[in-house]
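In: sequence first, then the predicted structure:
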Protein chains: 2
Amino acid sequence: MALTLYSFWAATAPYRVRIGLALKGLSYEVVPVDLRAGDQHGEAYRARNPQGLAPALDTGAGDLLTQSLAILEWLEETHPTPPLLPADALGRARVRSMAALIACDIHPLNNLRVHQALQGLGVSRGDVTTWSARWVSDGFDALDSLVARYGEGFAYGATPTLADCLLVPQVYAAARYDLDMARWPALKAASDHAAAHPAFEAAHPRNQPGAPKP
Amino acid sequence: MALTLYSFWAATAPYRVRIGLALKGLSYEVVPVDLRAGDQHGEAYRARNPQGLAPALDTGAGDLLTQSLAILEWLEETHPTPPLLPADALGRARVRSMAALIACDIHPLNNLRVHQALQGLGVSRGDVTTWSARWVSDGFDALDSLVARYGEGFAYGATPTLADCLLVPQVYAAARYDLDMARWPALKAASDHAAAHPAFEAAHPRNQPGAPKP
């Protein structure tokens, strides 16, 4: 069955799912949803995905999956090779904890709709950037110590996991805030290592439909 | 092995894990971490949990697990009965999507540290409440349509799942914003139904150490 991903080239959450699809070696169609132009609020999209966010994955059987973490877990269960989670329950909890730290404690505070809401409250552009940098920094402080403890090339162990699927897009997004990544040496090394992997390269925003030409 | 939960009676994320533990019929020790008093920033706690957030679960074997979603998935894998996820991959994706909608798109925008940060930017108390109500309402709009589609008593199907572990605490937290829950009839019915279950009652904030006496 053909998979179809509703994706926006520049957004962090669809980028995670593109990495997972590429690591699993799965081909898929892309339907671009231009979040900056507001495509996600259109009736056609809302009818399929009531939350009006990207990504969403059409399984090819008429089912639309939403939420990047849930989609990645579905990919892991339906296409178990290569695995994106360790075999042992404790390792799986560690990887999921790293992924959740990014998905719950960093990313939600720094996306487009939140920036727009802050500006609507009269918060200056500079303060919005400081706000974003603070959540990224707090999260990266904790994540760096976890990667230092558990990483062996990748964020957890020696092969790519769900943690890398979330880490690389978050590092990409963080570049907007002009942070000194040298503060997080273990995290940066793991992110650089993963970014050089062909699956991560294929999923990169610059290689997506709609991205500006270099 | 004895489980120990680092928990704060009033906080949403430890409440999710308490529900999961109770549904699995597991006994555990509680170590209260008073988030309002700043216990989570103390050296002793940070040494164990670098992110300084609650909940954290000590497995009894010297391992400390963090992030409520990761802890709940670990509980599901190590204590599979009764299951908190459906047997089929599609159902599991639906439940995880509902859980992630709450964990990623509602809760992170409305917790204590975010409220404090907004006030630090000069946002008024009234605007902070409006901000919180907006994210809860947007999320509940989407979640209500999912519960209407998939719920059969509980949020997904006829038995408690991870979705209920996240829904009930989020409805509890939303009471602070004086929202009219009648706007979300399916969600409210599922939440009320779950709240009456003994495991949900045992996990309720009012039944935790440190909670104010009635």
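Out: Looks like it came in fine.

In: so for stretch A:153-161, what gets flagged as buried?
Out: Residues A:154-157, A:160-161 are the ones in stretch A:153-161 that count as buried (16 or more other CB atoms under 10 Å in any protein chain shown). Heads up, the C-betas are built off the backbone N, CA and C, glycines and all.

In: quick one: contacts of it?
Out: Residues outside stretch A:153-161 that contact it (CB atoms under 8 Å, 6 or more residues apart in numbering or on different chains): A:19, A:23, A:82-86, A:91, A:94-95, A:98, A:146-147, A:150-152, A:163-164, A:167, A:187, A:190-191, A:193-194, A:197, A:199-200.

In: cool, stretch A:197-214 as well?
Out: With contact meaning CB under 8 Å, 6+ apart, stretch A:197-214 is reached by A:7-10, A:15, A:18-19, A:21-23, A:30, A:32, A:34, A:160, A:164, A:168, A:172, A:194-195.

In: what does stretch A:109-120 give?
Out: A:11-12, A:35-36, A:108, A:125, A:127-128, A:131-132, A:135-136, A:173, B:108-109, B:114, B:121, B:131, B:134.

In: any quick PyMOL command for the buried ones out of these?
Out: In PyMOL, a selection of the buried entries from the contacts of stretch A:109-120 looks like this (16+ other CB under 10 Å):
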select buried, (chain A and resi 11+12+35+108+128+131+132+135+136+173) or (chain B and resi 108+109+114+121+131+134)
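
In: centre of the chain to the helix or strand where A:A13 lies, how far?
Out: Using DSSP states H and E, A:A13 falls within helix A:12-23. Counting by CA atoms, centre = their mean, to the nearest Å, helix A:12-23 is centred 6 Å from the centre of its parent chain.

In: the inter-axis angle of the helix or strand where A:T4 lies versus helix A:12-23?
Out: Per DSSP H and E: A:T4 is located in strand A:3-7. If you take axes from the mean of the first three to the mean of the last three CA atoms, to 10 degrees, strand A:3-7 sits at 150 degrees to helix A:12-23.

In: in helices, which of the contacts of stretch A:153-161 fall?
Out: Members of those lying in helices (criterion: DSSP state H): A:19, A:23, A:91, A:94-95, A:98, A:146-147, A:150, A:163-164, A:167, A:187, A:190-191, A:193-194, A:199-200.

In: in a markdown table: the buried residues of stretch A:153-161, plus distance to B:T59, pLDDT and secondary structure.
Out: Converted to a markdown table, the buried residues of stretch A:153-161 look like this (distance: CB to CB, whole Å; pLDDT from 0 to 100; DSSP: H, G, I helix; E, B strand; the rest coil):
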| residue | distance to B:T59 | pLDDT | secondary structure |
| --- | --- | --- | --- |
| A:F154 | 24 | 98 | strand |
| A:A155 | 21 | 98 | coil |
| A:Y156 | 17 | 98 | coil |
| A:G157 | 19 | 98 | strand |
| A:P160 | 26 | 98 | coil |
| A:T161 | 20 | 98 | coil |
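
In: out of those residues, who's nearest B:Q67?
Out: A:Y156 (13.6 Å; CB to CB).

In: for that closest one, give its distance to chain B.
Out: 12 Å (CB to the nearest CB, to the nearest Å).

In: what about that residue, distance to A:A99?
Out: 10 Å (CB to CB, to the nearest Å).

In: so what sits against both of these two?
Out: With CB under 8 Å, 6+ apart, A:Y156 and A:A99 have common neighbours A:A163.

In: please identify the buried residues of the helix or strand bottoming out on mean pLDDT in chain A?
Out: Lowest by mean pLDDT, DSSP states H and E among the helices and strands of chain A is helix A:43-48, with a mean of 77. When burial is assessed from 16+ other CB under 10 Å, helix A:43-48 yields the following buried residues: A:Y45.

In: now find how far off-centre that helix is within its chain.
Out: Distance, centroid of helix A:43-48 to centroid of chain: 23 Å (CA atoms, centre = their mean).

In: show the subsequent helix or strand relative to that helix.
Out: Per DSSP H and E, the helix or strand that comes after helix A:43-48 is strand A:56-58.

In: need the contact list for the residue most central in space within chain A.
Out: Geometric centre of chain A, nearest residue: A:R16, 3.4 Å, by CA atoms, centre = their mean. For A:R16, the contacting residues are A:55, A:68, A:72, A:165-166, A:169, by CB under 8 Å, 6+ apart.

In: quick one, phi/psi of the residue lying farthest from the centre of chain A?
Out: The centre of chain A is farthest from one residue, A:G122, which by CA atoms, centre = their mean lies 28.7 Å away. Backbone torsions of A:G122, given as degrees, to the nearest 10, read phi 90, psi 10.

In: what about stretch A:36-48, near chain B?
Out: No - using CB under 8 Å from any CB of the partner chain, stretch A:36-48 stays clear of chain B, with a minimum separation of 9.5 Å.

In: number of residues surrounding A:P14?
Out: Look at A:P14: counted by other CB atoms under 10 Å in any protein chain shown, it has 29 neighbours.

In: contacting residues for A:H41?
Out: A:H41 neighbours (CB under 8 Å, 6+ apart): A:G52.

In: and the pLDDT at it?
Out: Here the pLDDT value assigned to A:H41 is 77.

In: so A:G210 versus chain B, what's the distance?
Out: 23 Å.

In: same check on A:A13?
Out: 9 Å.

In: and if you look at A:S124?
Out: 9 Å.

In: okay, now that residue: neighbour count?
Out: 12.

In: what stretches of chain A score poorly on pLDDT?
Out: A:1 (pLDDT under 70).

In: mind splitting it into its structural domains?
Out: As assigned by automatic domain parsing, chain A contains the domains A:3-82+A:200-207, A:89-197.

In: dump those domains into CSV; add distance to B:L179 as well.
Out: Converted to CSV, the domains of chain A look like this (distance: least, CB to CB, whole Å):
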stretch, distance to B:L179
domain A:3-82+A:200-207, 18
domain A:89-197, 17
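
In: out of the ones you listed, which comes closest to B:Y177?
Out: Among these, domain A:89-197 sits nearest to B:Y177 (CB to CB), with 15.2 Å.

In: quick one: end-to-end length of the closest one, please.
Out: Start and end residues of domain A:89-197 are separated by 26 Å (CA to CA, to the nearest Å).
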